[in-house]
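Engineer: sequence and predicted structure are below.
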Amino acid sequence: MSGPAPTGLRARIQEAIRVNGPMPVSLYMLMCLHDPRDGYYATRPGFNHDFTTSPETSQVFGELLGLWAAHEWMRIGSPEKFWLVELGPGRATMMADLLRAAGSVKGFKAAAQIALVEASPALRKQQAHILTGHDIHHFDELGSVPSGPSIVIANEFLDCLAIRQFVRDGNGWRERQVGLDREGNLAFGAGPPADLPEDVIPVGDHVEVAPALETLVTSLAHRFRQHPGRALFIDYGPDDRSPDETLRAYKAGEQVHPLAHPGESDLTADVDFPRLRRICESEGLAVHGPIQQRYFLTRLGAKERAEALIRANPQRTDEIRKAVEKLVSPDQMGARFKCVAMTPHGVEAPPGF
């Protein structure tokens, strides 16, 4: 495909392919999103520009998750100290709303040790600014957060994990790669024969696999075997099958070709919820959900919270109602986004499930 003149990350990717041959889609994603010099999250945190998340849509989202976290903190025995972990916290809007709501529960604020798992230096700066007054700790990965009781929350984190793409070729499979066409432009192609991971169950002729799901779940299970804990993930993807071909890119609010603007657009892919469940169960974790976001937030009191905000801010009635409707409407975020929780076995289902 034709595109802009090669500069920056694009030129480096093209040179890497010329020297080493085509690269898997997973490596392309990692370079585009996390290259320390030109990667998207290192240079262009695009919230409310390239995309809009639920926490940025309405404060109600983070507030409800704050009350959820406080409820689960009490369920694990109200430990004097626990790790409140957010994976991929963005600008920290959700954590700020969460802490404000959960702060109404006696003892929660003093007990919470805030751990933000964030790779982007640019976002870490924003998070520190938004959470001024809170003692926060940054980590590169969940496994680096010290042991102890923990509540782990992540919104739109799993969809950013690098994926491998496989394409059926007769009775076998080939891994999709990023190479160069005859003009030297980036192009997709199929690599040599490849084996699917054993825990992947394809439906059609395409399937996507996020290898980091296993690492994440293993880390969660290890934490919960040592100390009480809960985890809540909110993301998008089918809940009845593995994703097939869902890699997408967004720039300035518009969907663009995934190879068009390396490092300048956000890359995302649907989450494989069935595989996530299988990995959790193999690690001894109980899985609650996934359920649609509209049911989860409504059961937690989204509409009641919206009405309370309207009573306190009558001049913002339309704004508040429209924002909450966007979160719960099946035509907007309500059905597309799914919520899933992980707990040790034998634990009562968390609120909302």
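Structural biologist: That came through fine. Numbering: from 1, shown residues only.
Engineer: list the buried residues in the worst-scoring helix or strand of the chain on mean pLDDT.
Structural biologist: In the chain, no helix or strand scores lower on mean pLDDT, DSSP states H and E than helix 40-43, which sits at a mean of 82. Neighbour-count burial for helix 40-43 flags Tyr40, Tyr41, Ala42, Thr43 (criterion: 16 or more other CB atoms under 10 Å). All C-beta atoms are positioned from the backbone trio N, CA, C, and that covers glycine.
Engineer: enumerate every residue touching Leu116.
Structural biologist: Val85, Glu86, Pro89, Ala92, Met95, Arg124, Gln127, Ile136, His137, His138, Phe139 (CB atoms under 8 Å, 6 or more residues apart in numbering).
Engineer: hmm, back to that, which helices and strands does the least confident helix or strand of the chain pack with?
Structural biologist: helix 25-34, helix 121-130 (3 or more CB pairs under 8 Å, 6 or more residues apart in numbering; DSSP states H and E).
Engineer: mean neighbour count and distance to Ser219 for the ones you listed - can I get that in a markdown table?
Structural biologist: Putting the helices and strands packed on helix 40-43 into a markdown table (neighbours: other CB atoms under 10 Å; distance: least, CB to CB, whole Å) gives the following:
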| stretch | mean neighbour count | distance to Ser219 |
| --- | --- | --- |
| helix 25-34 | 22 | 18 |
| helix 121-130 | 16 | 20 |
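Engineer: mean pLDDT lowest for which of those?
Structural biologist: Ranked by mean pLDDT, the helices and strands packed on helix 40-43 bottom out at helix 121-130, with a mean of 92.
Engineer: ok, and what's touching that helix?
Structural biologist: For helix 121-130, using CB under 8 Å, 6+ apart, the contacting residues are 36, 41-45, 89-93, 95-96, 116, 118, 136, 138.
Engineer: just those residues: which are in strands?
Structural biologist: Members of the contacts of helix 121-130 lying in strands (criterion: DSSP state E): Leu116, Ile136, His138.
Engineer: tell me the contacts of the nearest residue to the first one once chain neighbours are set aside?
Structural biologist: Across the structure, with CB to CB, 6 or more residues apart in numbering as the measure, the residue nearest Leu116 apart from its sequence neighbours is Pro89 (4.9 Å). Applying CB under 8 Å, 6+ apart, we find Pro89 in contact with Met95, Leu116, Val117, Glu118, Leu123, Gln127.
Engineer: quick check, nearest of these to Phe157?
Structural biologist: Distances from Phe157 to these, taken as CB to CB, are shortest for Val117 (8.4 Å).
Engineer: can you pull the pLDDT of the closest one?
Structural biologist: pLDDT, Val117: 98.
Engineer: that one bridge partners, please.
Structural biologist: Leu87, Phe139 (DSSP bridges).
Engineer: any idea how many residues pack against it?
Structural biologist: 21 (other CB atoms under 10 Å).
Engineer: wouldn't it be in contact with Gly90 here?
Structural biologist: No - look at Val117 against Gly90 with CB atoms under 8 Å: they stay out of range, at 11.7 Å.
Engineer: if we can go back for a sec, which of the buried residues of helix 40-43 lies closest to Phe296?
Structural biologist: Taking CB to CB as the measure, Phe296 sits nearest to Tyr41 out of the buried residues of helix 40-43, at 26.8 Å.
Engineer: the nearest residue to that closest one once chain neighbours are set aside - how many residues pack around it?
Structural biologist: Leaving out its chain neighbours, the residue that sits closest to Tyr41 by CB to CB, 6+ apart is Ser120, at 3.9 Å. The local packing of Ser120 (other CB under 10 Å) involves 22 other residues.
Engineer: likewise Gly77?
Structural biologist: Quick note: Gly77 (other CB under 10 Å) scores 10 neighbours.
Engineer: what values do phi and psi take at the closest residue to it other than its chain neighbours?
Structural biologist: Residue nearest to Gly77 in three dimensions, not counting chain neighbours: Pro228, with 6.5 Å by CB to CB, 6+ apart. Reported as degrees, to the nearest 10, the phi and psi values for Pro228 are phi -60, psi 150.
Engineer: does Pro228 touch Met74 like I think?
Structural biologist: No - contact criterion CB under 8 Å: Pro228 and Met74 do not qualify, at 11.2 Å.
Engineer: roughly how far does Pro55 sit from Ala102?
Structural biologist: Remark: distance between Pro55 and Ala102 (CB to CB, to the nearest Å) = 14 Å.
Engineer: neighbour-wise, which of these two wins?
Structural biologist: Pro55 (27 against 23).
Engineer: leaving out sequence neighbours, find the closest residue to the more buried one.
Structural biologist: Met94 (3.6 Å).
Engineer: longest single helix anywhere in the chain?
Structural biologist: helix 59-75 (DSSP state H).
Engineer: for that one, which helices and strands make contact with it?
Structural biologist: Partner elements for helix 59-75 (3+ CB pairs under 8 Å, 6+ apart): helix 54-57, helix 93-102, helix 108-111, strand 150-155, strand 229-236, helix 293-300, helix 302-312, helix 317-328.
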